[in-house]
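Enquirer: sequence first, then the predicted structure, then my questions.
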Amino acid sequence: MMPPEDPTPDFWSEDPPQPPAPAPENNADRWLDDRAGPMVRPYVMTSGRIEPSHGRFDLITLVVAVGVEPDTTIGLGPEHLAIIRLCQNVMSVAELTGHLDLPVATVRVMLGDLLDKGFVSLQEPEPEADMHDIRLYKAVIDGLRAL
Amino acid sequence: MVSGPSRRDAPTRGVRARRLPTAVKIVIAGGFGVGKTTMVGTVSETRPLRTEELLTDQSIGVDDVAGVERKDTTTVAMDFGRITMQDEYVLYLFGTPGQKRFWFMWDEVTLGALGAVVLADTRRLSDCFPSVDYFERRKTPFVVAVNCFEGAKQYELAEIEMALNLGPRVPVMLCDARSLESCKQVLINLVLHAMKYRGLTEEPQPQKA
């Protein structure tokens, strides 16, 4: 998601800050409370973020890895690298979550990171308003018949 | 920190300038145990996968108001399958959890969906009512497919249609979620119905499941 336009005067206008990614903490359990339960691990993976820095990432948004093989020293975690590996073939957000066995929200945050760094490219699905392309329906019918 | 991504001499893995396909989705809804996952598995080209959503980060407020969610419902699973098509389309089928409290997930899955199949079981016909209500209200084109379970009493289609009390334009059909041919027909009927529903009628040729 794009940050909202900032209507405030210039002195505020240095890029709206990205939510600062807290440094990985050893005492991660201070984020725990009674209700946190089993969610702690996914949130730790995303440094506590629940929204991707940008990108909508529908469940059927298609993702593919682009560019060079990432260097492991540039702040990507093992899950980021796993996503890049999986995205050697075009893959939907839903498939990524299935293969990685991670919640959708977690995968979205990591995809936002990868998009920021230019490691993945996306194809968003047709918005609902654009479901009037007859070619789409014909292609689906043909595809189903061919099964 | 090394400036990794811009190393020019690094081996690029092919210039991926090619266009990515467009994904389309169909929702498979219905009550618990009605055969949603079976249908997804029958037509999917890959082993069906499961995606999980954390209930608590999507429904803050809903849970608080309800105050009845048990601890073991912090994640909701959804099974889905994939069918790769010609012409750069990929079809995804999502089996959505039937219970009303998961409707926040339905909203996400249904948004932009080509249409929906509501699976019904004649032994528990009312289980499909929430799905029917949902798609009617949301104006998503849908068909009702009655999964014929072995041992269940067989009804005439007309009897089932009457019991469902649907609008006259909603197709109802019998199916066997384990049969590829049967599932194909249900999905083709849905696509034809969706075309008609959206005013794209060209050659309406509904087929019996």
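Expert: That came in fine, so what should we check first? What you see is a predicted model; the values in this text were computed from it and never measured.

Enquirer: ranges for the helices of chain B?
Expert: B:36-43, B:55-58, B:62-66, B:103-110, B:129-138, B:157-164, B:180-197 (DSSP state H).

Enquirer: out of those helices, which gets the lowest mean score?
Expert: Note on the helices of chain B: helix B:62-66 shows the lowest mean pLDDT, a mean of 39.

Enquirer: what's the closest of the helices of chain B to B:Ile28?
Expert: Among the helices of chain B, the nearest to B:Ile28 by CB to CB is helix B:36-43 (4.8 Å). All C-beta spots, glycine's among them, are computed from the backbone N, C-alpha and C.

Enquirer: does the closest one reach chain A?
Expert: Yes: residues of helix B:36-43 are located near chain A by CB under 8 Å from any CB of the partner chain, namely B:Val43.

Enquirer: tell me which strands and helices that helix is in contact with?
Expert: Applying 3 or more CB pairs under 8 Å, 6 or more residues apart in numbering or on different chains; DSSP states H and E, one finds that helix B:36-43 contacts strand B:22-30, strand B:75-84, strand B:89-95, strand B:115-120, helix B:180-197.

Enquirer: which one of the ones you listed lies nearest to A:Val44?
Expert: Per CB to CB, nearest to A:Val44 of the helices and strands packed on helix B:36-43: strand B:75-84, 16.4 Å.

Enquirer: centre of the chain to the closest one, how far?
Expert: Remark: strand B:75-84 is offset 9 Å from the chain centroid, using CA atoms, centre = their mean, to the nearest Å.

Enquirer: give the buried residues for that strand.
Expert: B:Val76, B:Met78, B:Asp79, B:Phe80, B:Gly81, B:Arg82, B:Ile83 (16 or more other CB atoms under 10 Å in any protein chain shown).

Enquirer: same check on stretch A:137-147?
Expert: Buried residues in stretch A:137-147 (16+ other CB under 10 Å): A:Tyr137, A:Lys138, A:Ala139, A:Val140, A:Ile141, A:Gly143, A:Leu144, A:Leu147.

Enquirer: also stretch B:108-119?
Expert: For stretch B:108-119, by 16+ other CB under 10 Å, it's B:Glu108, B:Val109, B:Thr110, B:Gly112, B:Ala113, B:Leu114, B:Gly115, B:Ala116, B:Val117, B:Val118, B:Leu119.

Enquirer: again with stretch A:50-63
Expert: For stretch A:50-63, by 16+ other CB under 10 Å, it's A:Ile50, A:Pro52, A:Ser53, A:Gly55, A:Phe57, A:Asp58, A:Leu59, A:Ile60, A:Thr61, A:Leu62, A:Val63.

Enquirer: what residue is smack in the middle of chain B?
Expert: Central residue of chain B (CA atoms, centre = their mean): B:Val27, 1.5 Å from the mean position.

Enquirer: list the contacts of that one.
Expert: B:Val27 makes contact with B:Leu93, B:Phe94, B:Thr96, B:Trp106, B:Val109, B:Thr110, B:Ala113, B:Gly115, B:Ala116, B:Val117, B:Thr140, according to CB atoms under 8 Å, 6 or more residues apart in numbering or on different chains.

Enquirer: again, but for B:Asp79
Expert: So B:Asp79 contacts B:Lys36, B:Thr37, B:Val40, B:Gly41, B:Pro48, B:Leu49, B:Arg50, B:Phe94, B:Gly95 (CB under 8 Å, 6+ apart).

Enquirer: so the fourth one sits against B:Phe80, correct?
Expert: It refers to B:Gly41. No: contact between B:Gly41 and B:Phe80 fails when scored by CB atoms under 8 Å: they sit 10.2 Å apart.
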